[in-house]
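A.B. asks: Got a sequence here, can you model it:
(one chain, ligands or ions: 1)
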Amino acid sequence: MATLSGGEAQRLSLMNHLNSDLDSLIFIVDEPSTGMHEIEKNNLMSILKEINKLGNTVIIVEHDKNIISQADQIIELGPDPGILGGYLVFQGSLDEIKKEKSSITGRYLSGELKVSKKPNNSKNKIKSDTKFIELSKVSTNNLKNLNVRIPLGMMVGIAGVSGSGKSSLISETLVPLLNEHFTRNNGEDEDEYIQIDDIKGKLSEWSNIADSVVISQSPIGRTKTSNPVSYIGIWDSIRKIYAKEELSKKREYTEGHFSFNSEKGGCANCKGAGSVEVQLSPTTTIDVVCEICNGTRYKQSILDVRYKGKNINELLNLTVSEALELFRDNPTISRYLSILVEIGMGYITLGQPAPTLSGGEAQRIKLAKELGKSKKSGTLYILDEPTTGLHDSDIEKLLGLLDKLVMQENSVIIIEHNSDVLSYVDYIIELGPEGGPLGGGIISLGSPQEIKLNKNSRIGPFLSVD
Ligand SMILES: [Zn+2]
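C.D. replies: Residues are numbered from 1 along each chain as shown. Model prediction:
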């Protein structure tokens with residue numbers, strides 16, 4: 001049995017198996033559609049079907065509707081994410097899942113649920129007062145000395161087949177130039193063009209943005225002690241509330257006592273981790289629940305303090321939705337918590353260790369943090385393939401969030417393959433026509449409506465616009 005992973009390598013590796021005479025193998029393919037254009041997905045599926053015909057079994061972990069609908073058997077887990085999931089929701093054929101009302105995947109496959117389309121008349125359009133940033137003479141990797149003006153104050157999709165130059169243009173050219181601009185002189189540059197030695201391209205009209213933020217799917221923290229509340233910045237406010245309780249005042253507890261990382265408050269045995277490593281053999285260790293604090297992470301005396309009946313450990317185990325009820329009367333805390341609920345993250349717990357959050361969850365927590373900052377405008381948000389690993393219902397939530405950022409007078413650039421997302425954006429810049437040396441040009445530019453009519457476009461036929 002082979003476990004294969006990793007985009008293009010995955011496909012190459014699968015191709016090799018077509019030529020082998022081995023059969024009765026189980027192929028497990030994890031999210032093969034990641035980073036794939038619609039055309040490429042169909043190529044992948046024909047390879048997998050060949051492998052299947054040779055007498056092998058193929059198991060695909062996937063979110064993509066196109067790929068799921070080509071499977072012989074569909075197994076759906078859920079119904080919801082995190083602690084609300086973990087059940088077998090459905091097993092059966094495509095026809096059966098389409099009729100199954102309790103299956104959210106089935107409802108998307110049958111077309112009953114759809115990723116919302118944005119009507120053309122509610123999209124942002126380029127007008128005489130639209131501002132831009134401009135990249136010129138860009139020849140990073142395969143890019144063909146491109147000049148491109150990216151409109152601001154709207155959602156811009158960067159499209160193109162794998163290897164066409166999308167990331168070369170944005171992640172490897174625009175982002176480092178923006179970083180250079182905002183770090184040197186605090187963004188008070190006087191030069192018309194921002195240039196750096198290693199970057200083959202230059203940036204102008206930079207004064208049209210006040211800040212730039214890359215929102216990736218990387219973890220919000222790498223240790224067990226980082227969690228959503230500490231990342232989002234409401235952990236201090238929560239600890240202050242506990243320090244104001246009568247019992248805290250009597251015992252002279254400060255907010256520091258309510259941090260499991262601190263010596264004052266954290267369990268001394270496990271140093272606030274809630275678990276300790278036990279050495280089983282010279283090479284094997286396992287985590288076991290700390291027997292002093294029973295996994296609560298705190299000194300027992302700290303847990304005597306209660307706010308609305310909850311001690312600080314019980315509070316960290318509440319879901320975001322539950323905690324929102326508790327903190328209704330605190331404007332700062334409830335603002336962030338209600339944003340998380342609104343974007344469908346009400347199910348995570350306040351103290352959920354960062355490493356247990358998926359990439360998509362981490363990305364949405366980052367966006368929630370940005371949205372919670374009041375009165376922030378003029379920021380350019382850059383997202384590289386944000387729909388990776390997201391179910392249609394999550395894509396819907398992500399688009400709603402991005403809309404909000406644009407409504408607050410910010411700009412969004414999304415590098416994306418997902419045709420629902422590209423149909424939704426205000427403006428598309430399409431690179432190509434192919435990957436590698438045959439790519440690196442701009443093959444179409446304009447609103448999704450215009451791209452759909454553009455004969456040069458590769459993504460056009462897959463867009464669904466009114
Ligand atoms: Zn402990």
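A.B. asks: where along the stretch 351-466 of the chain do the strands fall?
C.D. replies: Along the stretch 351-466 of the chain, counting by DSSP state E, counting those that start in this stretch, strands occupy 379-384, 411-415, 427-432, 441-446.
A.B. asks: Out of these, flag the one nearest the ion.
C.D. replies: Of all those, strand 379-384 sits nearest to the ion, with 38.8 Å by Cβ to the ion. Bear in mind the C-beta positions are built from the backbone N, C-alpha and C, glycine included.
A.B. asks: CA atoms of that closest one as PDB?
C.D. replies: C-alpha atoms of strand 379-384 as PDB (Å, rounded to 0.1, in the frame of the first residue of the first chain):
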ATOM      1  CA  THR A 379      -5.200  47.400   3.500                       C
ATOM      2  CA  LEU A 380      -4.400  45.000   0.700                       C
ATOM      3  CA  TYR A 381      -5.100  41.400   1.800                       C
ATOM      4  CA  ILE A 382      -3.400  38.600  -0.200                       C
ATOM      5  CA  LEU A 383      -4.600  35.000  -0.100                       C
ATOM      6  CA  ASP A 384      -2.900  32.100  -1.900                       C
END
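A.B. asks: And it, what does it pack against?
C.D. replies: Contacts defined by 3 or more Cβ pairs under 8 Å, 6 or more residues apart in numbering; DSSP states H and E place strand 379-384 against strand 211-214, helix 359-372, helix 392-407, strand 411-415.
A.B. asks: quick one on the thing from earlier: now render the strands of the stretch 351-466 of the chain as CSV, adding distance to the ion, mean pLDDT and mean neighbour count.
C.D. replies: Below are those laid out as CSV (distance: least, Cβ to the ion, whole Å; pLDDT from 0 to 100; neighbours: other Cβ atoms under 10 Å):
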stretch, distance to the ion, mean pLDDT, mean neighbour count
strand 379-384, 39, 94, 22
strand 411-415, 43, 96, 25
strand 427-432, 53, 96, 26
strand 441-446, 58, 96, 19
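A.B. asks: could these go into CSV alongside distance to residue 77?
C.D. replies: Formatted as CSV, the strands of the stretch 351-466 of the chain follow (distance: least, Cβ to Cβ, whole Å):
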stretch, distance to residue 77
strand 379-384, 26
strand 411-415, 28
strand 427-432, 34
strand 441-446, 39
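A.B. asks: Up against the ion, what does the stretch 201-350 of the chain have?
C.D. replies: 267, 269, 270, 290, 292, 293 (Cβ under 5 Å from the ion).
A.B. asks: Enumerate every residue touching the fifth one.
C.D. replies: Applying Cβ atoms under 8 Å, 6 or more residues apart in numbering to residue 292 gives the contacts 267, 268, 269, 270.
A.B. asks: cutoff 6 Å now
C.D. replies: If you count contacts by Cβ atoms under 6 Å, 6 or more residues apart in numbering, residue 292 has them with 267, 269.
A.B. asks: swap in the second one?
C.D. replies: By Cβ under 6 Å, 6+ apart, the contact set of residue 269 is 290, 292.
A.B. asks: what's the spacing between it and residue 288?
C.D. replies: According to Cβ to Cβ, to the nearest Å, residue 269 stands 12 Å off from residue 288.
A.B. asks: Could you give the number of residues near the residue of the stretch 351-466 of the chain found nearest the ion?
C.D. replies: Nearest residue of the stretch 351-466 of the chain to the ion, counting by Cβ to the ion: residue 351, 14.4 Å away. Using other Cβ atoms under 10 Å, the number of residues around residue 351 comes to 20.
A.B. asks: cool, residue 294 as well?
C.D. replies: Count around residue 294 with other Cβ under 10 Å applied: 12.
A.B. asks: Which strand or helix spans it?
C.D. replies: Using DSSP states H and E, residue 294 falls within no helix or strand.
A.B. asks: Same check on residue 313?
C.D. replies: Using DSSP H and E, residue 313 falls in helix 312-316.
A.B. asks: after that helix comes which helix or strand?
C.D. replies: helix 320-326.
A.B. asks: Quick one: list the elements packing against that following helix.
C.D. replies: For helix 320-326, the helices and strands in contact under the criterion 3 or more Cβ pairs under 6 Å, 6 or more residues apart in numbering; DSSP states H and E are helix 331-342.
A.B. asks: Quick check: buried residues in the helix it packs on?
C.D. replies: Of all the residues in helix 331-342, those buried under the rule 16 or more other Cβ atoms under 10 Å are 333, 334, 336, 337, 338, 339, 340, 341.
A.B. asks: for residue 444, what are its contacts?
C.D. replies: Contacts for residue 444 (Cβ under 6 Å, 6+ apart) come out as 430, 451, 454, 456, 457.
A.B. asks: same thing but 10 Å
C.D. replies: For residue 444, the contacting residues are 159-160, 428-433, 450-460, by Cβ atoms under 10 Å, 6 or more residues apart in numbering.
A.B. asks: Show the buried residues in the residues you listed.
C.D. replies: 159-160, 428-433, 451-452, 454, 457-460.
A.B. asks: Tell me the one of these nearest residue 311?
C.D. replies: Closest approach between the buried ones among the contacts of residue 444 and residue 311, by Cβ to Cβ: residue 159, at 50.9 Å.
A.B. asks: I figured that closest one was touching residue 433, is that so?
C.D. replies: No: if you go by Cβ atoms under 10 Å, residue 159 and residue 433 don't touch, sitting 11.6 Å apart.
A.B. asks: if I look at those two, which residues touch both of them?
C.D. replies: Common neighbours of residue 159 and residue 433 (criterion: Cβ under 10 Å, 6+ apart): 443, 444, 457, 458.
A.B. asks: Distance to residue 144 for these - can I get that in CSV?
C.D. replies: CSV is the format used below for the shared contacts of residue 159 and residue 433 (distance: Cβ to Cβ, whole Å):
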residue, distance to residue 144
443, 11
444, 15
457, 17
458, 16
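A.B. asks: residues touching the closest residue to the ion within the stretch 51-200 of the chain, list them.
C.D. replies: Nearest residue of the stretch 51-200 of the chain to the ion: residue 83, at 22.5 Å (Cβ to the ion). By Cβ under 10 Å, 6+ apart, the contact set of residue 83 is 319, 347, 348, 349, 352.
A.B. asks: isn't there a strand covering it?
C.D. replies: No: checked against DSSP: H, G, I helix; E, B strand; the rest coil, residue 83 lies outside a strand; its state is helix.
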